[in-house]
Structure formats: structure tokens, C-alpha cells
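Visitor: Predicted model, plus sequence, below.
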Amino acid sequence: MATKKKPEQTPAAKATEGAAEGKKVVQKRSSPIEVRLRPEDLMRFDQVCRVSNRKRPEVAREAIIWYMEQLEKRVQDARETLVEARIRKMENRMAALISRGNIDVGVILELIYGNMPAADRDEVIKKAHKRAAKRLKSKVEEVKDIEDLFKKELEKAAEV
């Protein structure tokens, strides 16, 4: 009795069949790529191959990989540019908020200082300054790691 011979499968078909059976299949060969070049570009390409003493597939593979890496770098740079712009915008907002707050505090201080008896002004202001500094120090100690707090805020801003 003659056995029926299976038709030869492509590597991709073998990988698909092996994966379906739960086997780990490693492809040994890569897929070929066909590229058409104008005659003048082909001459330049062949010249590069001769100068570098390498074969066409090797030079082409290196060129394609280099090109993909350059594209990835451009995408990454664009992302970083967006992040930098967001950070700059947040810095400007924070600076504006701090400036407004400082102006308001200055106005209040002037009002209070101007309406206090001249004999007590300096002593009262010094005591108030000390108490405010102590209160601020205790608030900062509540936040154990300010860097983590800033990172979380930056992540929130990036999501927006």
C-alpha cells in the first residue's frame, strides 16, 4: 500500500501548525524582501558593497535596520518634545500661581504691618515668621518623598 506523501510546507505554515499543537517552533530563516532600485541607485549601492567588502544582503539588512532605528528615534524625540512642552507649561502655571500668592501675601502683610502699633511691629512679624516656617516644615515632613509626589503629578499631567 502506497503512503500518501504530505506536500512540503512553508516555514510560516510549519510555525502555525506547531503553535496550534502547543509546540515551540523556532524559525531558522528570515523572510526575503524584494526591493527595486533605479539603475543609478543600484550602482551606488553596489559601490557601497564593494567599498565595505560586504555582500548585498548584508548591506541591505544593515541599512534597513539603521533606517528603522532612526524612525524610532524620531518618534521618541517627538514624544520627549511633547513632554518637555507640557513640563514647561506646568512650570509657567506654577510660577504664575506662586507669584500671585506672593503678591497677595505682600498686600496682606503691608495692611497688617501698617495698622499695627509701631512698638510691636517688628517683634510680632518675627514671631509670625518663625511660626509659619515651623508649620511649613511639618507639612513638608508629612510628604516623605517629594520626588515621588512630583513624578505622580507629572504622570497625571501626561495623561491629560
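Guide: Happy to help now that I have it.
Visitor: Need the single longest helix in this structure, by residues.
Guide: The helix that spans the most residues within the chain, counting by DSSP state H, is helix 56-114.
Visitor: Which strands and helices lie in contact with it?
Guide: For helix 56-114, the packing partners by 3 or more C-beta pairs under 8 Å, 6 or more residues apart in numbering; DSSP states H and E come out as helix 39-52, helix 121-142, helix 146-159. (C-beta placed from N, C-alpha, C; glycine too.)
Visitor: how does it look with 6 Å?
Guide: helix 39-52 (3 or more C-beta pairs under 6 Å, 6 or more residues apart in numbering; DSSP states H and E).
Visitor: which parts of the helix it packs on are buried?
Guide: Neighbour counts over helix 39-52 (16 or more other C-beta atoms under 10 Å) mark 45, 49 as buried.
Visitor: ok and the longest helix of the chain relative to helix 121-142, angle-wise?
Guide: Compare the direction of helix 56-114 with that of helix 121-142 by axes from the mean of the first three to the mean of the last three C-alpha atoms, to 10 degrees and you get 150 degrees.
Visitor: Could you report the pLDDT at Ala15?
Guide: Predicted confidence (pLDDT) for Ala15: 52.
Visitor: repeat for Lys5
Guide: 50.
Visitor: Likewise for Ile87?
Guide: 90.
Visitor: Nearest residue to it in space, please, no chain neighbours.
Guide: Once flanking residues are discounted, Ile87 sits nearest to Leu154: 7.2 Å by C-beta to C-beta, 6 or more residues apart in numbering.
Visitor: For the protein, give me the ranges with low pLDDT.
Guide: Scanning the chain for pLDDT under 70 picks out 1-28, 142-145, 160.
Visitor: Kindly recompute the last result at 90.
Guide: For the chain, the stretches flagged by pLDDT under 90 are 1-33, 75-86, 88, 105-106, 109-110, 112-160.
Visitor: thinking again about what came up before, and the longest helix of the chain with helix 39-52, angle?
Guide: Using the same axes, to 10 degrees: helix 56-114 against helix 39-52 is 90 degrees.
Visitor: the inter-axis angle of helix 56-114 versus helix 146-159?
Guide: 110 degrees.
Visitor: quick revisit: neighbours of the residue nearest to Ile87, just the number please.
Guide: Number of residues near Leu154 (other C-beta atoms under 10 Å) recorded here: 14.
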